[in-house]
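# Next come a sequence and a model predicted from it.
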Amino acid sequence: MHRVEMLMGTAIAVDVAHAPPGADTAALVAKAFEWFDEVDRRFSTYKPDSEVCRIDRGELRPEDFSDDMRTVLDASEQMRVRTGGYFDVYANRHLDPSGYVKGWSVQVASDRLLAAGLVNHSINAGGDVRVRGVSDDGEPWRVGIRHPWQSDKVAWVVAGSDLAVATSGTYERGLHVLDPFTGQPASFLRSVTVTGPDLAIADAYATAAVAMNGRGLDWLARLDGYECAAVTERGDAFRSDGLPSVSIAADGEPPSPLRG
Amino acid sequence: MRRATAVVLGTLTGAGLLVGAKVGNASFAASGGATATAVSGPDGTTAIPLPGGSAGGSATAVAPSARTPVSTKPSPNSGHPTPPPTKSTPKPTATSTPKPTPAGPRDGTYKASSSERYGTVTLTVTISGHRMTAITAAYNSNSPQYCTTKACPTLRSEALAAQSANIATVSGATYTSDAYKAALAAVLKSAG
């Protein structure tokens, strides 16, 4: 089944393939969207009564934070350290963990679908993707990486049965990723995609790499357990050897692995 | 040396990009692993450091043509057999009249380039009133590629593809619903 809803300021799509007999797929997918709605209410930076906004205004003491908030803030701090400070939920001087929350909430929803027996599914929240199992055609999910200038084209296709794919870039919202050290918007990398096991981490890595400007490519090349594909503002394309990319078969033939 | 001004660029891959002014007795060093080391001169002039990473870079100093350039060249990479060829293209364009006894960095616009594996960064630093007032960075990723460190993981350079494909979903920096719908339409089109 396929269901799309507008939540968390973006479109979230949940696809389930080859559900086991007897599974209440619709109800499980509905629960996933309830989860995204709950996350939106708690973590939105646009809703004044959200937990995030209350914390930002100093209305909540750390001991009053929800468990999910602790999880997100602790993990965000780990990401800040791992990225040398380039992923920073306080980059704009206000608490804004949305760069972590989106991927994390999708990862949690995917884990829950898996635990409920829906082993073949894909969740896409505004371009952050988590896939498991196989798609309707019985093959591993194929995830296109959007071309950074042509919105109806893809620059790469990656495939996997247990894969997170996160993309950060400057082409959609303009130069919105700030280098937290200079406060200046980053512009060297137009698109950075990171793939790996955890979507929240992949998303944080992609955002951090964009913020690093020229250093981002070298940093991406050194990631452990995560692969990458990146396009510079000049149109130069780079990818890691381990990117689970597949050839883009123009004739409709099954794609062949291109692993380095 | 006392009145000299230097603009030092570390390679982006290496010793961390430091931009600073050397004023009087206050000096700075581009050290490996430096991340943020602000240095103040006697008149309060502040060197503006940019964040950097691990050791392994080189630096080039450029000063306005009317002055004697002061070069600071840290060598955190000296242990490696093949130090990176740093290409410098200084284009100083001093814009002010020299003063007899400047109290800080000499006014002017300083420009320097530093090559790293995936391209060249050119920094333009403006000194006004003996203080650094602006820094801009321009990147040119079209320069020759080379390795700056011993263990040198690299990304594979590829031609950027632009194709339609049979895909289930799209990853992109698509934060707006309109963009997402466009991407989704592309998916449905390719799937159909």
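Looks like it came in fine.
# Okay, residue A:135 and chain B: tell me how far apart.
From residue A:135 across to chain B, the span is 5 Å (Cβ to the nearest Cβ, to the nearest Å). The C-beta positions use only the backbone N, C-alpha and C, and glycine is treated the same way.
# Just the pLDDT at that residue, thanks.
Residue A:135 is assigned a pLDDT of 96 by the prediction.
# burial measure for it, as a count.
22 (other Cβ atoms under 10 Å in any protein chain shown).
# where are the low-confidence patches of chain B?
Counting by pLDDT under 70, chain B shows low-confidence ranges at B:1-103, B:114-123, B:135-152, B:174-192.
# do the same with chain A
Residue ranges of chain A with pLDDT under 70: A:173-175, A:248-260.
# ranges for the strands of it?
Secondary structure of chain A by DSSP state E: the strands cover A:2-7, A:10-16, A:121-125, A:128-132, A:141-146, A:154-160, A:162-169, A:189-196, A:227-232, A:237-239, A:245-246.
# In the third one, which residues are buried?
Translated: strand A:121-125. Using 16 or more other Cβ atoms under 10 Å in any protein chain shown as the test for burial, strand A:121-125 gives A:121-125.
# Report all helices and strands that that strand contacts.
strand A:10-16, helix A:98-115, strand A:128-132, strand B:169-171 (3 or more Cβ pairs under 8 Å, 6 or more residues apart in numbering or on different chains; DSSP states H and E).
# Give the pairing partners of the first one; include direction for each.
Read it as strand A:10-16. strand A:2-7 (antiparallel), strand A:121-125 (antiparallel) (DSSP bridges).
# Run a quick neighbour tally on residue A:60.
16.
# Could I get the contacting residues of it?
A:51, A:54 (Cβ atoms under 8 Å, 6 or more residues apart in numbering or on different chains).
# one step back: quick one, which of the helices and strands packed on strand A:121-125 is nearest to residue A:66?
helix A:98-115 (12.6 Å; Cβ to Cβ).
# Pairing partners for residue A:2 in the sheet, please.
Applying DSSP bridges to residue A:2 gives these bridge partners: residue A:15.
# how close does it sit to chain B?
Separation of residue A:2 from chain B (Cβ to the nearest Cβ): 10 Å.
# do the same with residue A:239
Counting by Cβ to the nearest Cβ, the gap from residue A:239 to chain B is 5 Å.
# surely that residue meets residue A:220?
No - Residue A:239 is beyond contact range of residue A:220, at 9.4 Å (criterion: Cβ atoms under 8 Å).
# Spit out the residues that contact those two alike.
Joint contacts of residue A:239 and residue A:220 (Cβ under 8 Å, 6+ apart) are A:228, A:230, B:155.
# how many other residues sit next to the second one?
Neighbour count of residue A:230, defined by other Cβ under 10 Å: 31.
# The stretch 1-150 of chain A against chain B: which residues are in contact?
A:4, A:6, A:9-11, A:13, A:15, A:84-86, A:122, A:124, A:126-129, A:131, A:135, A:141-147, A:149-150 (Cβ under 8 Å from any Cβ of the partner chain).
# of those, buried ones?
Taking 16+ other Cβ under 10 Å as the criterion, what is buried in these is A:10-11, A:13, A:15, A:84-86, A:122, A:124, A:126-129, A:131, A:135, A:141-147.
# ok so, going back, turn the shared contacts of residue A:239 and residue A:220 into a markdown table, including distance to residue A:79.
As requested, the shared contacts of residue A:239 and residue A:220 are exported to a markdown table (distance: Cβ to Cβ, whole Å):
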| residue | distance to residue A:79 |
| --- | --- |
| A:228 | 16 |
| A:230 | 19 |
| B:155 | 21 |
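# From these, pick the one nearest residue A:191.
Closest to residue A:191, out of all of the shared contacts of residue A:239 and residue A:220 and judged by Cβ to Cβ, is residue A:230, at 6.6 Å.
# Which strand residues bridge the closest one?
Residues in beta-bridge contact with residue A:230 (DSSP bridges): residue A:192, residue A:238.
# Surely it touches residue A:194?
No - in terms of Cβ under 8 Å, residue A:230 does not count as a neighbour of residue A:194; the distance is 9.1 Å.
# shared neighbours, the two?
What both residue A:230 and residue A:194 touch, as defined by Cβ under 8 Å, 6+ apart, is the set A:209, A:220.
# Can you name the residue of the stretch 1-150 of chain A nearest to chain B?
The minimum distance from the stretch 1-150 of chain A to chain B, using Cβ to the nearest Cβ, falls at residue A:146 (3.2 Å).
# Could you check how far that residue is from residue B:161?
Applying Cβ to Cβ, to the nearest Å, the value for residue A:146 to residue B:161 is 12 Å.
# which neighbours do the two share?
Residues touching both residue A:146 and residue B:161 by Cβ under 8 Å, 6+ apart: A:154-155.
# isn't residue B:130 right next to residue B:108, touching?
No - Residue B:130 lies out of contact with residue B:108 (Cβ under 8 Å); the separation is 10.5 Å.
# In terms of neighbours, single out the busier of those two.
Neighbour count, other Cβ under 10 Å: between residue B:130 and residue B:108, residue B:108 has more, with 23 against 20.
# hang on, isn't that one packed against residue B:127?
Yes - at 5.7 Å, residue B:108 counts as touching residue B:127 under the criterion of Cβ under 8 Å.
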